[in-house]
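this is a predicted model, with the sequence first.
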Amino acid sequence: MRLTDWPRMPFLNDEVKEWIALELQSLGVEDLAVYALEAGTEGDERRVMVATEVGLLDHRYAPFGSSARYRLAMLMYPWQVLRGVELRADTFRLWAREHRTRWSFRLHHPHFEAATESPDLGQALCDLARVCAVMAEPFGVPAGRGSSEVPGAHPGGPRPLPPAPAPESSDGGEPRAFSPAPEADTTEGVDDRDEAEADDQADDDRPTPVAIGEGEELLDLDEEDELAAVPNRSDDQG
C-alpha cells in the first residue's frame, strides 16, 4: 500500500502526507510500502513506517510544544541493520462462509509491532512485511558477503575442531608426533599361537637327558630280554 492510498483510519492528515512526500523527494526514492498506527496516550500522535529502496523510514508525528504545533521526526534505518522480520496470520470462522484474519507484524530492530483485523490494514501489513523480508539483511551471514569475509564463518557449517597437541617425549627432547597404533588382526595367527603353545608343553613333559659317565657306553637295545640283562649301577654297588 502506498502513502497516497492510505485508508482513513488511523487518520493521516494532508500535512503529514505532504511532509513525508517531501522527504522522499529529497532522498530521490519512492515509497514501496507504508503503515501507520496511533502512538502516545492522547491518541493524537502517529508512527508512520515507510519502506523505500534505501531503507526503512521511521516517522513520529506528534505535537511540538502545544497542540497547535506538530512536528514530524524521521529516522532512517538502512536495510543492512534491520533485524527480525515476523509476520503472523490467524484466520478464524465467524459463521457459515464468513471468516476473518488477524494479521500481526513485528520487527526486532527497530522495534515495531502492529496488529489488525481490517482487510485494508492487513494488506498494508503484508506489503510492509514483504518488502522488509526481501530487503532486510538476515541474522546469519550478511547478504552480498562471502563466508570467507565474515569472521568465524565457515562454508558448509561450523569450523572443525583443532587437532590435539602432540605428546611430549619422556626424555625431555622434542615432542614426538602422535600416531595411533595399528589395529591388531584378531583372526590371523590364532592357529600359529596354538601350535607354538602345544610344542612348548610337549618339551616340558620330556625327561631331562643325563650325560654318559666315564667307562659307560650307549647301547642300542631292540629286544626286551637284552634290556633286562644289562646291569645297572645299583647291581654294581650291591
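Great, that's in hand.

was I right to think W6 contacts L12?
Yes. The pair W6 and L12 passes the contact test of Cβ atoms under 8 Å, sitting 5.5 Å apart. Every C-beta, even on glycine, is put in place using the N, C-alpha and C of the backbone.

can you list residues touching both of the two?
A36 (Cβ atoms under 8 Å, 6 or more residues apart in numbering).

report pLDDT for R206.
If you check R206, the pLDDT there is 62.

oh sorry, the question was meant for D185
Predicted confidence (pLDDT) for D185: 55.

ranges for the strands of the protein?
Assigned by DSSP state E, the chain shows strands spanning 33-39, 45-51, 55-63, 70-78, 83-95, 98-109, 112-116.

right, and those - which one's nearest C132?
strand 83-95 (4.6 Å; Cβ to Cβ).

let me see the mean pLDDT of the closest one.
Across strand 83-95, the per-residue pLDDT values average to 90.

can you list contacts of that strand?
So strand 83-95 is contacted by 99-109, 125-126, 129, 132-133, 136-137, 139 (Cβ under 8 Å, 6+ apart).

who does that strand pair up with?
strand 98-109 (antiparallel) (DSSP bridges).

would you mind getting the angle between the partner strand and strand 70-78?
70 degrees (axes from the mean of the first three to the mean of the last three Cα atoms, to 10 degrees).

pull the CA atoms of strand 98-109 into PDB?
Extracted in PDB, the C-alpha atoms of strand 98-109 (Å, rounded to 0.1, in the frame of the first residue of the first chain):
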ATOM      1  CA  GLU A  98     -17.700 -16.000   6.800                       C
ATOM      2  CA  HIS A  99     -14.200 -15.700   8.200                       C
ATOM      3  CA  ARG A 100     -11.800 -13.100   9.400                       C
ATOM      4  CA  THR A 101      -8.000 -12.900   9.500                       C
ATOM      5  CA  ARG A 102      -5.900 -11.200  12.200                       C
ATOM      6  CA  TRP A 103      -2.500 -10.000  11.000                       C
ATOM      7  CA  SER A 104       0.400  -9.500  13.300                       C
ATOM      8  CA  PHE A 105       3.700  -7.900  12.300                       C
ATOM      9  CA  ARG A 106       6.800  -7.400  14.300                       C
ATOM     10  CA  LEU A 107      10.400  -6.000  13.900                       C
ATOM     11  CA  HIS A 108      13.100  -6.700  16.400                       C
ATOM     12  CA  HIS A 109      15.200  -3.700  15.300                       C
END
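
report the buried residues of it.
By 16 or more other Cβ atoms under 10 Å, the buried positions in strand 98-109 come out as W103, S104, F105, L107.
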